[in-house]
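build me a structure from this.
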Amino acid sequence: MSDLFASDPEPKEPEASGVVPLATRMRPRTLDEFAGQEHILGKGKLLRRAIEADRISSIILFGPPGTGKTTLAHIIASTTRSRFERLSGVESTVADMRRVIASAANRLQKGVRTLLFIDEIHRFNKAQQDVLLPDVESGVLRLIGATTHNPFFYINSPLVSRSQVFQLEPLDVASLRGLMERALSDPARGFGGERVAATEDALRHLAVTSDGDARKCLNALEIGVLTTPPGPDGVIHFDLKAAEESIQRKAIVYDADEDEHYDTISAFIKSMRGSDPDAAMYWLAKMLYAGEDIRFIARRIVICASEDVGMADPQALVVAVAAQHAVEFVGMPEARIPLAQAAIHIATAPKSNRAYAAISKAAKDVKEGRTLAVPRHLRDSSYKSAARLGHGADYKYSHDYEGGYVPQAYLPEGRVYYEPSDVGNEKRVKERLDHWRSLFDQQQPGK
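Coordinates of the predicted model:
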């Protein structure tokens, strides 16, 4: 009965074969060995509970390469004692799918369930995806689809609606470090039976420059160890130089949580603020090369668009936010392009920090001064008793007046927080605001 649960075409003993890559040999076999993805596989999380309780129906896993989609499918099949079948969205045909479905139906009659894993499921056309629907819905097979693309855009809605969707994130540096340390110490599947001394700098370089891809990280470690000759002491010394060569990226001085990280982002922001697009491009390139989180960079660009450009060019914020969304959608390496566009827009835009100064001044008044009461004519008048309290009385609806403006107090005492500059678009804002403020002043007693 045991071969009913075997995975056909996987090697029976991959760790015993010298030709099988380290990333395959070190593939986790249990949920406890699986690295990262705590947001869906941590203790008590939905997917982990479903796997352990054997309540998996059909799921779609999407995320970047090397995050464990295929590995997780194997673990689910093993944990739920299901027969593992694999198809490819690139190579498999409808005939292949019907063969697997027919075998699954026969197997189900013997009490054995089938888990069908389809890699790159987004490559299937609509007709191919539709073939799966009846048998997924009836429970003949459990489907796990893997894709690097957002399934809500690239997979048919009927199939998505019958599946639970889980997003896998790039592995963090700590998780990749853990994978490498396990590979170096495992005598059966890794390099534990050999004398390998890896430096802290070397492992960190591979972890940072692998962009969250476990396969890429372990492949680089493997080629680095296998091509480094032992020293006079018989030990393979895997140092930073060997790590740079194995992943073909040099190390630069940049610690994600120390001075260089903060110094570089500071230089980037100040270059945009100082209207130097060339300097901004250099610091951006340095951060991207060092493996900085692209979402962190995008957030800083959005902040700079409001804080340092503001009303002088309101379009800067639109461009920055669009870049932030683009970064989430396309990922690296292409994400560098919208980031560069947004940074250049900000660096070359007219500058004004008056919006930032206005909210800072108002916040200081709120924190340190007397709390102002809402004027009676501005209070909510939508409920029945509001009129008896005088709420909304004498309020003037701006659109009833020429130009959409009427002099009216919106604070119980006169205060000025926003003082527009004469730069860029803000110059026109200043002209309008000066006109409105003069009209308001003319209505005040004694004016």
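
for the spatially most central residue of the chain, give me its contacts.
For the chain, the residue lying nearest the average C-alpha position, counting by Cα atoms, centre = their mean, turns out to be residue 328 (5.7 Å). Going by Cβ atoms under 8 Å, 6 or more residues apart in numbering, residue 328 touches residue 295. To be clear about C-beta, it is placed using only N, CA and C from the backbone, and glycine gets the same treatment.

repeat for residue 163
Residue 163 sits next to 57-60, 136, 143, 145, 151 when contact means Cβ under 8 Å, 6+ apart.

and if we set it to 10 Å?
Contact analysis of residue 163 by Cβ atoms under 10 Å, 6 or more residues apart in numbering lists 57-61, 121, 136, 143-145, 151, 155.

not counting sequence-adjacent ones, nearest residue to it?
residue 58 (4.4 Å; Cβ to Cβ, 6 or more residues apart in numbering).

and the one you found, what is it in contact with?
Going by Cβ under 10 Å, 6+ apart, residue 58 touches 115-116, 132, 136-137, 139, 141-145, 159-160, 162-164.

please apply the same query to residue 394.
Residue 394 neighbours (Cβ under 10 Å, 6+ apart): 375-377, 408.

same question for residue 41.
By Cβ under 10 Å, 6+ apart, the contact set of residue 41 is 31-32, 34-35, 47-49, 51, 68, 72, 75, 166, 168.

again, only this time at 6 Å
Applying Cβ atoms under 6 Å, 6 or more residues apart in numbering, we find residue 41 in contact with 47-48.

how about residue 440?
residue 407.

repeat that for residue 342.
301, 319-320, 323.

just the buried subset of the residues you listed, please.
Using 16 or more other Cβ atoms under 10 Å as the burial test, the contacts of residue 342 include 301, 319-320, 323 as buried.

can you show me the strands along the chain?
Along the chain, the segments classed as strands by DSSP state E run 59-62, 83-88, 114-119, 142-147, 164-167, 196-198, 236-238.

make CSV out of the ones you listed and add mean neighbour count and mean pLDDT.
Shown next, in CSV, are the strands of the chain (neighbours: other Cβ atoms under 10 Å; pLDDT from 0 to 100):
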stretch, mean neighbour count, mean pLDDT
strand 59-62, 23, 94
strand 83-88, 20, 94
strand 114-119, 24, 95
strand 142-147, 24, 94
strand 164-167, 16, 93
strand 196-198, 19, 93
strand 236-238, 20, 93
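
which of the ones you listed sits closest to residue 443?
Judged by Cβ to Cβ, the one of the strands of the chain that comes nearest to residue 443 is strand 164-167, at 56.7 Å.

elements contacting the closest one?
For strand 164-167, the packing partners by 3 or more Cβ pairs under 6 Å, 6 or more residues apart in numbering; DSSP states H and E come out as strand 59-62.

list the contacts of the strand it packs on.
Residues contacting strand 59-62 (Cβ under 6 Å, 6+ apart): 69, 144-147, 151, 163-168.

roughly how far apart are the nearest residue to residue 38 once chain neighbours are set aside and residue 173?
Closest residue to residue 38 apart from its sequence neighbours, by Cβ to Cβ, 6+ apart: residue 45 at 7.5 Å. Applying Cβ to Cβ, to the nearest Å, the value for residue 45 to residue 173 is 22 Å.

of those two, who's got more company?
residue 173 (18 against 14; other Cβ atoms under 10 Å).

surely that one is in contact with residue 206?
No. Using Cβ atoms under 6 Å, residue 173 is not in contact with residue 206, being 9.7 Å away.

residue contacts, the closest residue to residue 67 other than its chain neighbours?
Spatial nearest neighbour of residue 67, excluding adjacent residues (Cβ to Cβ, 6+ apart): residue 168 at 4.1 Å. Residues near residue 168 by Cβ under 6 Å, 6+ apart: 37, 61, 63, 67.

and which of the residues you listed is nearest residue 275?
residue 63 (38.5 Å).
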